[in-house]
Structure formats: C-alpha cells, structure tokens
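Colleague: Provided below for reference: sequence and predicted model.
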Amino acid sequence: MRVSIRRAHIHAFFPEATATSGAYALVTMSALVAATTHAPISAIIIIFELTQTIDIIPALMTACVISSLVCQSLSKGSIRERTGVQVLLLRRARKLANRAKEVVVPGADDVLGEGDTLVVAGKWESLEEFETPR
C-alpha cells in the first residue's frame, strides 16, 4: 500500500521520472535476455526495435550491462577455470538397490557426499593445487 502511495506522489510531482508497468517489464525482459545470452547489445537493439522509442534506452543499457556483468561474475566459478583440472567422473560411495556403486559425469548441480570419489585429469601442478584445501 505504501509503495503505491509513494509511486503516486512521485508520479504526481515528476511524471517523467516514472514509467508504466509495461516499460519495467520490457527492461526486465531485456536484462534477462542479455544475461542468459551474454549479448547485451543485441538485447538493447531488439527492445528498441520493438518499442521504437528512445526514452527507454538509458534504462535498457543500465539493466542489460549490469545483468551481463553479474552473470559473468557468477559463471566464473568452475573448477576447470580456477585450477586447470578437468573433472571426468564422480563415483558415489552409496550403493543403489540391486546395483553397483553409481558412476556419473558430474554436473553443476551434483553435490559431493562423504566417501564419494572424483576422477580428474590435469597437469601435476594443477592437480596439486586442486588437492590443497583453501
């Protein structure tokens, strides 16, 4: 309730300072596209071509660049990029029903459990750095 009252007051005194909900949706959509495709300029151009208005460009540029930078900083956390070691397989310590221990190619969502074994490949220096806890 308070947010809508504040927005109404801001819009009453500074009508150019606020935008419609559709404009906010477009900016959010372009930021999402820019982050997921790693192409902020393309997202800006696509939304500009759809709307044909220059008023939305500063907000588009800001949102697209920030979302791309955040996405890039979050995606730099892989083991290979940090240590130079490639994780090949994950052997689970627990047994499944009527089967041997599970061996999988690990993905980003896999969590290591106690007793699990990783099969890795890399240079000796990289392997030593990988084994050293931080």
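Modeller: Yep, it's here.

Colleague: got the contact list for stretch 37-44?
Modeller: Contacts of stretch 37-44 with the rest of the structure, by C-beta atoms under 8 Å, 6 or more residues apart in numbering, involve 30-31, 33-34, 57, 60-61, 64-65, 67-68, 71-72. To be clear about C-beta, it is placed using only N, CA and C from the backbone, and glycine gets the same treatment.

Colleague: and stretch 79-89, by the same measure?
Modeller: Taking C-beta under 8 Å, 6+ apart as the rule, stretch 79-89 contacts 103-106, 118-123, 125-127, 129-130.

Colleague: OK, contacts around residue 121?
Modeller: Per C-beta under 8 Å, 6+ apart, neighbours of residue 121: 85-86, 88.

Colleague: looking at the residues you listed, spot the one nearest residue 25.
Modeller: Distance to residue 25, by C-beta to C-beta, is smallest for residue 86 among those, at 41.2 Å.

Colleague: bridging residues for that closest one?
Modeller: Residue 86 forms beta bridges with residue 121, as assigned by DSSP bridges.

Colleague: next, count neighbours for it.
Modeller: Burial of residue 86 is recorded as 13 neighbouring residues (other C-beta atoms under 10 Å).

Colleague: now residue 31
Modeller: Count around residue 31 with other C-beta under 10 Å applied: 24.

Colleague: okay, now the domains of this protein?
Modeller: If you go by automatic domain parsing, the domain ranges for the chain are 2-75, 79-131.

Colleague: flag every buried residue along the helix or strand hosting residue 82.
Modeller: Using DSSP states H and E, residue 82 sits within helix 79-83. Neighbour counts using 16 or more other C-beta atoms under 10 Å place residue 83 of helix 79-83 among the buried residues.

Colleague: could you look up the SS state of residue 92?
Modeller: strand (DSSP: H, G, I helix; E, B strand; the rest coil).

Colleague: and the closest residue to it other than its chain neighbours, how far is that from residue 117?
Modeller: Distances taken as C-beta to C-beta, 6 or more residues apart in numbering put residue 102 closest to residue 92, at 4.3 Å, once the chain neighbours are dropped. Separation of residue 102 from residue 117 (C-beta to C-beta, to the nearest Å): 11 Å.
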